[in-house]
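K.L.:
Here is a sequence with its predicted model. Questions after.
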Amino acid sequence: MTGDADGGPGAVAGDRALLRAGERVLLIDAKARRYLITLRPGTEFHTHVGIVAHDDLIGAPEGGTVLGSTGRRFVVLRPTLADVVLKMPRGAQVIYPKDLGAILFEADIGPGMRVLEAGVGSGALSMTLVRAGADVVGYELRPDFAQRARSNVVAELGEAASWRVELRDVYEGIDERQLDRVVLDLPEPWRVLPHAALAMRPGGILCAYLPTINQTAQLRSALGAGPFGMARTIEVLQRSWHIEDRSVRPDHRMVGHTGFITTARLLVPEGGPDAAPGTGGT
């Protein structure tokens, strides 16, 4: 298919649906297998069910189908953020999309909020926070993880002025002040609490993502010492359904436990904002 993919004088509103070189696209075969590729002129994508030429996709409409070299059909779509998170290159284990969505709401992330993210990993949470409109600084201890995160965030969002990552150990302190949110994806978040209490504005939300209930219990115990209060812990379980004609039932498999999400609010100590941290909270 052809079209003015560069949006020139002959472009119409529908051209926004046309796929362009440099874009990521998702190919979905007849068995619902998904392949994430970046379109490059003159390139081919090889699968065990056939070869797809990138030139057959560039300028074609999103939502259409393309034939591989063996006659097999692939649906072509721009990937959602969830698709990218599950398919992108990774160094560390990523947070699942079901938990990324819950973190946005539990931590109440919104446009213009100043957010510290510690434990950047492969960048899945970073791109989720940035796309929600937050102004994010990431602390990451491992240079290889920081570089991987940079590559993934730039590939998905481009160069974002509202995001940067620093090679820093958050356990040693936080330079930023008047943060709206602190989001932690690291093994011992309780060690960050004294630094977060100094770095955050009153009423700000701290959010921690942890894989085990033992870690979560230790965090909750530390939060109970103040100055944080209103602590809450949830986990998200995701079950899909099989719906085909009269066969309607839950799928045999589900995305069960992946992590615990804990949030708490920074409260003003009873003696007022000048009182020593740790004297207030519930």
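P.N.:
Done, it's in.
K.L.:
can you give me the strands for the stretch 151-282 of the chain?
P.N.:
Counting by DSSP state E, counting those that start in this stretch, the stretch 151-282 of the chain has these strands, from start to end: 163-167, 179-184, 200-210, 228-234, 241-244, 247-250, 260-266.
K.L.:
which one of those strands is the most hemmed in?
P.N.:
strand 179-184 (a mean of 25; mean count of other CB atoms under 10 Å). The way it works is simple: take the backbone N, C-alpha and C, and place the C-beta from them, glycine included.
K.L.:
Select the longest helix from this structure.
P.N.:
Selection of the longest helix in the chain by residue count, based on DSSP state H, yields helix 143-157.
K.L.:
mind listing what's buried in that one?
P.N.:
Across helix 143-157, burial judged by 16 or more other CB atoms under 10 Å covers 145, 146, 148, 149, 150, 152, 153, 156, 157.
K.L.:
Make CSV from those residues and add pLDDT and distance to residue 136 to it.
P.N.:
Formatted as CSV, the buried residues of helix 143-157 follow (pLDDT from 0 to 100; distance: CB to CB, whole Å):
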residue, pLDDT, distance to residue 136
145, 94, 16
146, 94, 14
148, 93, 16
149, 93, 11
150, 93, 13
152, 91, 14
153, 93, 9
156, 89, 14
157, 90, 11
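K.L.:
which among the residues you listed gets closest to residue 67?
P.N.:
residue 156 (28.3 Å; CB to CB).
K.L.:
Okay, that closest one and residue 120: tell me how far apart.
P.N.:
14 Å (CB to CB, to the nearest Å).
K.L.:
go on, residue 37?
P.N.:
For residue 37 relative to residue 120 (CB to CB), the value is 25 Å.
K.L.:
Neighbour count: those two, which is higher?
P.N.:
The residue with more neighbours, out of residue 37 and residue 120 and counting by other CB atoms under 10 Å, is residue 120; that gives 29 against 18.
K.L.:
Give me the pLDDT for the more buried one.
P.N.:
As predicted, residue 120 sits at a pLDDT of 95.
K.L.:
OK, contacts around it?
P.N.:
126, 138, 139, 140, 145, 146, 149, 165, 185 (CB atoms under 8 Å, 6 or more residues apart in numbering).
K.L.:
Residue 227 and residue 197: what is the separation?
P.N.:
5 Å.
K.L.:
Could you check which of those two has the larger neighbour count?
P.N.:
Legend: neighbour count by other CB under 10 Å for residue 227 and residue 197, higher for residue 227 (25 against 22).
K.L.:
burial measure for residue 141, as a count.
P.N.:
Counted with other CB under 10 Å, the neighbours of residue 141 add up to 16.
K.L.:
where does it fall, phi/psi-wise?
P.N.:
With angles defined as degrees, to the nearest 10, residue 141 sits at phi -80, psi -30.
K.L.:
Wait, it touches residue 166, no?
P.N.:
No - contact criterion CB atoms under 8 Å: residue 141 and residue 166 do not qualify, at 10.2 Å.
K.L.:
Bridged to residue 46, which residues?
P.N.:
residue 51 (DSSP bridges).
K.L.:
Actually, residue 26.
P.N.:
residue 36, residue 77.
K.L.:
mind listing what it touches?
P.N.:
34, 35, 36, 76, 77, 78, 79, 83, 87.
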